[in-house]
Each structure stands twice: as structure tokens, then as C-alpha cells.
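Visitor: no sequence on hand, only this structure:
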Ligand code: AP5
């Protein structure tokens, strides 16, 4: 399976990507996670990306494309992959398509997570993550068993820098201007499936599993 999860910030892509990657035994490539890891390790790429991320802007295409192509060329991605948060611009999508053509592989499906703006803001504002094992929680919808503590590894949970109220609006406008055009881009290529991202995590998961089991509508 070679699939892309596309959608607004806070749309639930990462939450569902972890589940689907395990279920289908394919690697999940999340550019957000890869970039946050580089920032935490203070690599030169991380130092370059940090400012863009904290302002809620996209990291330059060339940086992200290089990162993804290196991963896609690795042996573990030969059996398939799930791209979470990439591509996010038409340039990234064009480059990905060129790269996949050069390997003789195509994409199976792009899943577009749709969600209302109010719910996006509610989800982003309440998100807390584990800096150690990267588990993601929500203060109301997906709370940890002990307040502020990761269920998996016991570390204190943190709020992402770009989840602060002053950055959320800017991420939403960047999404509308630069990423939302990809909905039409993939629709015209008959590869887009829309998923209603509202409701409980388990309900979205059930809809997603059912959608992935269907043949694509050409
Ligand atoms: P990235 O990490 O990719 O952020 P994003 O796309 O904005 O997505 P999020 O991680 O915010 O949300 P999500 O859809 O994964 O939702 P989640 O499952 O966590 O990117 C961060 C930054 O990196 C970008 O701003 C940019 O600077 C840079 N970047 C990354 N990729 C790039 C690229 N390709 N090009 C250039 N720059 C790039 O869920 C959100 C919350 O809701 C959680 O608290 C979760 O517990 C909760 N939740 C999930 N599902 C449900 C549900 N069904 N009901 C209730 N709560 C739910």
C-alpha cells in the first residue's frame, strides 16, 4: 500500500496514521515528526526548520523533499509506505510523482481528512504530546490515565510550540493557501478519497479501514 494522508492541521492524520501503519505493517513517514526530531537534535536541518515551524509556516520545499526522498529510497519503504503531512505544496506533489515514476511505482490512494474549523481548533488547542516516545493525547478526547503524564513511557507531556493560540490561525491560512489546492490536484488524478474526520477516534478509524478496503473509484 502506498498512501498519503492529506488534511488540515489537527485533522487526526497522525493519530490514524499510527494505527494504519501497524495494521498494514508499512512504515509511516511523517514529515512533521522527522522535522521535530531534527529540531530536538539540533541538526543543521533542524536549525533551519525551527523558525518556520514555530511561526506556523512551511519549511522550504527543497529541504522537505530531500528528507522524504531519502526515506522513500530505503529498503523498508519498498513494501509500501504511508506519508503523513507530505506533500503539502504542489511543488512537493510534482516532485513526489516524478520520484515515484522513476522507481516504477505509483500511489494507491490519497485520503483527505475533512473537519470543521471549530473542531480543528479544539483539537489543536487540547493536544499534548510526549517528547520521549511521541505518543499524542488530547486533554478531553484522548486523555492520559494520569494527568500530564505519558501512559507509555511516564514522561511529562508537553504542548507543541506551534499549537499555541497565536500560531494556530497562521497554520490554518498556510494550509488553505498552500496545501488545500492538493485536494483538487489529486481529485483530477482520480486518486482522492474523502474521509469524514469528525467523531470519536474509533469511529474515524472504522470509516478509514472500510475506505481503504474499497476499490478506488476511477
Ligand atoms: P505536522 O506535524 O505535519 O502538523 P500538521 O499537518 O499541522 O498536523 P498535526 O500534527 O497538527 O495534526 P494531525 O492531523 O496529525 O492531528 P493529530 O492526530 O495529532 O507539521 C508541523 C510543521 O512542520 C508544519 O507547520 C511545517 O512547519 C512543518 N512541515 C511538516 N511537513 C511539512 C511539509 N511537507 N512541507 C513543509 N513543512 C512541513 O490530532 C490532533 C489532536 O486531536 C490530538 O490531540 C489528538 O489526540 C486529537 N484527536 C485525533 N483524532 C481525534 C478524534 N477523532 N476525536 C477527538 N480528538 C482527536
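Guide: Yes, it's here. This structure is a prediction, so every number in the text was calculated from the model and none was measured.
Visitor: which positions in the chain make contact with the ligand?
Guide: By the rule Cβ under 6 Å from any ligand atom, the part of the chain lying against the ligand is 7, 9-15, 31-32, 35, 52-53, 56-59, 64, 85-86, 88, 92, 123, 126-127, 136-138, 141-142, 162, 171, 199-201, 204. Any C-beta I mention is one placed from the backbone N, CA and C, and that applies to glycine too.
Visitor: return a PyMOL selection command for the buried portion of these.
Guide: In PyMOL syntax, the buried subset of the residues of the chain next to the ligand is picked out as below (16 or more other Cβ atoms under 10 Å):
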select buried, resi 7+9+10+11+12+13+14+15+31+32+35+52+53+56+57+58+59+64+85+86+88+92+123+126+127+137+138+142+162+171+204
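Visitor: mind listing what whichever residue of the chain sits closest to the ligand touches?
Guide: Closest residue of the chain to the ligand, Cβ to the nearest ligand atom: residue 32 (1.9 Å). Counting by Cβ atoms under 8 Å, 6 or more residues apart in numbering, residue 32 makes contact with 14, 84-85.
Visitor: could you dump these to TSV with pLDDT, distance to residue 147 and secondary structure?
Guide: Compiled in TSV, the contacts of residue 32 are given as follows (pLDDT from 0 to 100; distance: Cβ to Cβ, whole Å; DSSP: H, G, I helix; E, B strand; the rest coil):
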residue	pLDDT	distance to residue 147	secondary structure
14	95	22	helix
84	97	28	strand
85	96	28	coil
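Visitor: neighbours of the residue lying closest to residue 28 once chain neighbours are set aside, how many?
Guide: Computed as Cβ to Cβ, 6 or more residues apart in numbering, the closest residue to residue 28 that is not its neighbour in sequence is residue 21, at 3.8 Å. Counted by other Cβ atoms under 10 Å, the residues lying close to residue 21 total 20.
Visitor: likewise residue 172?
Guide: A count of neighbours around residue 172, defined by other Cβ under 10 Å, yields 18.
Visitor: that one: what's it in contact with?
Guide: Residue 172 touches 8-9, 117, 120, counting by Cβ under 8 Å, 6+ apart.
Visitor: ChimeraX command to pick out the buried ones of those?
Guide: The ChimeraX selection below is limited to those of these classed as buried (16+ other Cβ under 10 Å):
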select :8,9,120
